[in-house]
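Visitor: What follows is a predicted structure for the sequence shown.
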Amino acid sequence: MSDQEKKGLADIINLVGKGAGHDMAANDLVADVLDRLIIDDSDPYFIASVGGYILHANDAYRVMSLASSGAMAVPPMVGGKGELTIDVAATIDEVRTGKKSIQYNERYVIDGEERLFATKYLPVTNAVGDVVAVVASFRDTTGEAHHVNLANEAQRRFKDFARATSDWFWETDRDLKIRSVSERFTAITGQPGALAVGKGLKDLGTFGSNHLGQSTADQALSRRVAFRDQLLEIEGADETTLKFHLSGVPIFEPGSGEFQGFRGAGMDVTEKYRQEAEAREIRRNIEETLAELKVKNAELDAANEQARKALNAKNDFLASMSHELRTPLNAIIGFADAMSQQMFGDLDDQYISYALDILNSAKHLLGLIEDVLDVAVMESGEIALSFKDVMLKDVLDQAVSISKTRSQIEDADLSALSIKTSFKIHADERRAVQIFVNLLTNAFKFTPSDGKVGLHVSDLQRGRVAVTVWDTGVGVGKEDHERIFEKFAQVTDTIYARNNDGVGLGLHISRELARRMGGDILIDSQPGKGSRFTVVLPKAED
């Protein structure tokens, strides 16, 4: 305390002593107060009368009171009135009547910043024990409070994490007996944690090897070293086996280094082990399936090889039979044609009729053989197409001529078959003619004598042209539109079944040829309203 403050204090005590009617000399009272008054001068403090006025304040308080924006009493020494606030005056009075010190934690805004102070109010008594003044000291604890708050917040966060996690925590004493377990243990296992206290870790369940084949706890506990992921199996409340990974670290006394026990956590890995078991079972099933699949693939390869050989044998047979059958058929056709034209002499009309029947039957049989051979060649993938730019009109004229020759046309209207077009197509000419011959032959075959058959050509743009072969014949139901393009397919509930003397290969061959030439065949038909078969083919580039 400075000399100036001591003098001020002496004056105050002298004044108070006289006012109270006591005989003690002011100097003796000052000496007595100074001997008894122990205050850190770096902390703000003031001395107040029991009437609620500041009698003296050190420099630290004077500065602080001026910076409090009126929240604290400003002493007269710096121009204030020295009158205490109502709350502080009440505290002074409480100290006077109780004759004992009081301590509060108070908050003040100093220079615009909230500060926390540990404030002590100490009574100053005279010789007879009456309180004649009160000393108030202020210790700034803002920093301490901040650190305490941080510590409390960290502790709260740790507790929140502990509650949220699937882990439970445990601690043992130096004899490796469980001293405590967290509440999470009870929540997971259904067993009261208090029952585990006093037991060893092994008494909780059964130690085993984890998913890595490791069992680490036994040696670690005896050697007092850390361990991780020790598998511990515990029977749950519902008689299910719960699996935990136990991890722990040894605890030693900081000063002496004496072993104190272990602390650690148990993680619930029951679901993880279940999933791993399922994964192993799935892998085993997959491996068995792959092994079976390999066997099946080997069998399939063998079957495919047999099928390939059989297909080659069939194609070879068909090619051979085609040659062998064509030779006598061509002879029969030639002889029948010669007989029908009476090239070697006159014949009876009945014999001429027989010759025409032989000629037509042989031609029909030759057509069937050619169809079967075409299918075999296409299935083998060995069909060869010779692409070139040809006039579409030439292709259609050839097809119309051949179809009329092959078909028995009576009184049907065929005027719409004569068309004019300047389009060129890029295709195999012979195969293109074959497509239109098949379509026109069918149109002639299934159109009544009073019906019509015709052609229509349209430009589809994008390098394609469409040729529609249409008729007013019996038509085909929508449910059969795709089926009639299958091999050997025939519509059995219409006139097709009664009049069709083919084997159901013409449309199949035609669509396959169109697609191999970059086009397609589309159908639009209704029973009793005729049919429209549209052939789409690529145009020549020029």
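Guide: Right, received. Where do you want to start?
Visitor: now the helices: where do they sit in this structure?
Guide: Under the criterion DSSP state H, the chain carries helices at the ranges 3-20, 26-36, 59-66, 86-98, 142-164, 183-189, 201-204, 217-223, 270-340, 349-380, 392-406, 429-445, 495-499, 506-516.
Visitor: what packs against the longest one?
Guide: Spelled out, that is helix 270-340. strand 241-252, helix 349-380 (3 or more C-beta pairs under 8 Å, 6 or more residues apart in numbering; DSSP states H and E). (Each C-beta comes from the backbone N, C-alpha and C, glycine too.)
Visitor: Going by neighbour count, which residues of the last one are buried?
Guide: Spelled out, that is helix 349-380. 355, 358-359, 362-363, 366-367, 369, 371-377 (16 or more other C-beta atoms under 10 Å).
Visitor: For residue 441, state which of those is nearest.
Guide: residue 367 (9.2 Å; C-beta to C-beta).
Visitor: what's near enough to touch that closest one?
Guide: residue 406 (C-beta atoms under 8 Å, 6 or more residues apart in numbering).
Visitor: What separation do you get for it and residue 407?
Guide: 12 Å (C-beta to C-beta, to the nearest Å).
Visitor: Packed most tightly, which of the helices of the chain would that be?
Guide: helix 429-445 (a mean of 23; mean count of other C-beta atoms under 10 Å).
Visitor: so that one versus helix 392-406, what angle?
Guide: 50 degrees (axes from the mean of the first three to the mean of the last three C-alpha atoms, to 10 degrees).
Visitor: What helices and strands are in contact with helix 429-445?
Guide: Using 3+ C-beta pairs under 8 Å, 6+ apart: helix 429-445 touches strand 387-391, helix 392-406, strand 453-461, strand 464-471, helix 506-516, strand 530-538.
Visitor: Reformat these into TSV and put mean pLDDT and distance to residue 190 next to each item.
Guide: Compiled in TSV, the helices and strands packed on helix 429-445 are given as follows (pLDDT from 0 to 100; distance: least, C-beta to C-beta, whole Å):
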stretch	mean pLDDT	distance to residue 190
strand 387-391	94	81
helix 392-406	87	87
strand 453-461	91	76
strand 464-471	94	76
helix 506-516	90	71
strand 530-538	95	75
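Visitor: out of those, which comes closest to residue 81?
Guide: Per C-beta to C-beta, nearest to residue 81 of the helices and strands packed on helix 429-445: strand 453-461, 103.7 Å.
Visitor: partners of that closest one, with directions?
Guide: Strand pairing for strand 453-461, determined by DSSP bridges: strand 464-471 (antiparallel).
Visitor: angle of the partner strand against strand 530-538?
Guide: 160 degrees.
Visitor: Tell me who's in contact with residue 342.
Guide: Counting by C-beta under 8 Å, 6+ apart, residue 342 has contacts residue 352.
Visitor: how much space is there between it and residue 359?
Guide: Residue 342 is 13 Å from residue 359, by C-beta to C-beta.
Visitor: And residue 313, by the same measure?
Guide: 33 Å.
Visitor: now do residue 188
Guide: 97 Å.
Visitor: ditto for residue 508
Guide: From residue 508 to residue 359 the distance is 27 Å (C-beta to C-beta).
Visitor: same deal with residue 113?
Guide: In terms of C-beta to C-beta, residue 113 sits 122 Å off from residue 359.
Visitor: for residue 210, same thing?
Guide: For residue 210, the distance to residue 359 equals 91 Å [C-beta to C-beta].
Visitor: Kindly report the same for residue 84.
Guide: 141 Å.
Visitor: so where's the stretch 1-150 of the chain shaky on pLDDT?
Guide: Where the stretch 1-150 of the chain drops to pLDDT under 70, the residues are 1-40.
Visitor: can you list the domains in this protein?
Guide: 3-139, 165-268, 277-383, 384-538 (automatic domain parsing).
Visitor: Of those, which is nearest residue 156?
Guide: domain 165-268 (14.9 Å).
Visitor: Please tabulate the domains of the chain in TSV and include distance to residue 145 as additional columns.
Guide: What follows is these, written out as TSV (distance: least, C-beta to C-beta, whole Å):
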stretch	distance to residue 145
domain 3-139	5
domain 165-268	27
domain 277-383	54
domain 384-538	83
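Visitor: Quick one: closest of these to residue 147.
Guide: Per C-beta to C-beta, nearest to residue 147 of these: domain 3-139, 11.8 Å.
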